[in-house]
Each structure stands twice: as C-alpha cells, then as structure tokens.
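S.K.: can you look at this prediction? I've put the sequence above it.
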Amino acid sequence: MKPPAPPVQPVQQDSPIQNIQQLGQINVPKLESSLHCISIVGQIEGHLVLPPQNKTTKYEHVIPQLVAVEQNPEIKGLLVILNTVGGDVEAGLAIAELIESLSKPTVSLVLGGGHSIGVPIAVGAKHSIIARTATMTIHPIRLSGLVIGVPQTYEYLDKMQDRVINFVCKHSTITEKKFRDLMFKTGELARDIGTVLVGDDAVEVGLINQVGGLGEAIKILTELTQGSSSEGGESS
C-alpha cells in the first residue's frame, strides 16, 4: 500500500507564495498607515457585466470600501488613484458622489488617464492632482445598445449630461461654458467630438488643482488630515 499523501497545507495570508502569485515579489513592505488607497482602473462597470478580458472596476466593490472608510476611525484620509477609460455613467457618478460626500479628507491622483466619467470621480475629491503625462478626455454622453429615436430619449440624454456637467463645475473651478466648449469641440478626436487634456492643460482650464505625482498627493493628504484632526480637537 502506498502511504497516504500528506495533507495540503493552506497558503497563509501574506505568505511568500501568495505574494509571488499576486504581486510577483517575495516580500511586501508593511506599514501601518492612517491613509487608505482606492484605485479606479480599466473600465467602470455598472449594471451590465463586461466581458472577462476587460480590466474593470466594479461599483459594487468600490461602494462598500468607501462606506468602510467613512466608518473606520483608524482611517484619517483617502487617496483615489485613477487610470480609467470611463464606463457606466450612473456607476461613475455614484462613486463620485460618495467620494465627494466623505467627511474625511480626500485626494485624487490621475495617472495614465482619467477619461469620460472618470472626470467627475477625479474632481469629486477635495484636492485633485494629475501627472504631467496623464490625459483626460471630455466628450458628450453616449448610449450603447438599442436606442429608440424619440424625443424622450434625447431629453433623458440631456438630463444625464447636465448631471455630469453640474457636478464637475461645482467641484472644480472650470466654468460651465468652458466645459461645454471642450465637450463639443470638433476636429480633435478622430471619430468623436470632444477634447483631450494633458496634464498642465487640465490644470490650466481649472479642471484639476495641480500637476504632480504620488509624493505630492501623500503630502497634501497628510496635511489635510492633520488640519482636520486639529480642527476636531479645537471643537471638542
């Protein structure tokens, strides 16, 4: 008789094997931090499930994280990193509204791209930063699938577009006229109307607060958290 095979040992959390499988490295630096990071990457998935080969951010995953950030007293600030092509409008607006309504300091950092519905998410933070080589595409809202050509459909599109425009203009210094001009600009996108803003351009039009990177984002978020904690101490 063959001896019984040894039982398979479960992979421990944060074990070297798990780190190699998930991150491609053996040791992951550990640091107790009061700052939490959420990444919005790929395509923002809404009510419809996207194909498995698409890199997606699911809103039902992000929303509970934001609720936990608000409720966890150990977390003093939130860093939102964006590299997204956009996606579902209502899911993106829901995430942006939650980020904006957090009582804790928030900083957004656009790396690579913060396109389409990623724009409201970026400006929803209390302070927004964009990398010098990152881009943001502003264009009108599109509907996918079957579109019924009746007046009500176009009225619905206008209302949804107004929701995006009002949110962006309220949480940045860009004017509504300037934002609409960028949204309906012709000649810049090959198969669409709209505008691509690169780094400094997004700051110049008043959409993003400043150009920078991770160092600046952490520094500003730390300053915001220290300021909010001192205000809380004075009020108490």
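M.R.: That came in fine, so what should we check first? None of the values given here were measured: they were computed from a predicted structure.
S.K.: which ones are touching the residue lying closest to Gly212 once chain neighbours are set aside?
M.R.: Computed as Cβ to Cβ, 6 or more residues apart in numbering, the closest residue to Gly212 that is not its neighbour in sequence is Ile129, at 4.5 Å. To be clear about C-beta, it is placed using only N, CA and C from the backbone, and glycine gets the same treatment. In this structure, Ile129 makes contact with 107-110, 208-213, 216-217, 220, judged by Cβ atoms under 8 Å, 6 or more residues apart in numbering.
S.K.: so where do the strands sit in the chain?
M.R.: 35-45, 56-58, 77-87, 106-114, 127-130, 135-138, 195-198, 210-211 (DSSP state E).
S.K.: which neighbours does the first one have in its sheet, and in what orientation?
M.R.: Note on strand 35-45: by DSSP bridges, its sheet partners are strand 56-58 (parallel), strand 77-87 (parallel).
S.K.: among the contacts of Ile129, name the buried ones.
M.R.: Among the contacts of Ile129, those scoring as buried are Val107, Ser108, Leu109, Val110, Ile208, Asn209, Val211, Gly212, Glu216, Ala217, Ile220 (criterion: 16 or more other Cβ atoms under 10 Å).
S.K.: pick the one among those residues closest to Asp200.
M.R.: Comparing the buried ones among the contacts of Ile129 against Asp200 with Cβ to Cβ picks out Val211 as the nearest, at 5.8 Å.
S.K.: circling back: can you list the strands of the chain in a markdown table and add distance to Met160?
M.R.: Converted to a markdown table, the strands of the chain look like this (distance: least, Cβ to Cβ, whole Å):
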| stretch | distance to Met160 |
| --- | --- |
| strand 35-45 | 15 |
| strand 56-58 | 20 |
| strand 77-87 | 14 |
| strand 106-114 | 19 |
| strand 127-130 | 23 |
| strand 135-138 | 15 |
| strand 195-198 | 19 |
| strand 210-211 | 30 |
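S.K.: of the ones you listed, which is nearest Thr175?
M.R.: Among the strands of the chain, the nearest to Thr175 by Cβ to Cβ is strand 135-138 (13.4 Å).
S.K.: convert the C-alpha atoms of that closest one to CSV, please.
M.R.: Extracted as CSV, the C-alpha positions of strand 135-138 are listed here (Å, rounded to 0.1, in the frame of the first residue of the first chain):
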residue,chain,number,x,y,z
THR,A,135,-4.7,62.7,-20.1
MET,A,136,-8.4,63.4,-19.6
THR,A,137,-10.9,63.1,-22.4
ILE,A,138,-14.1,65.2,-22.2
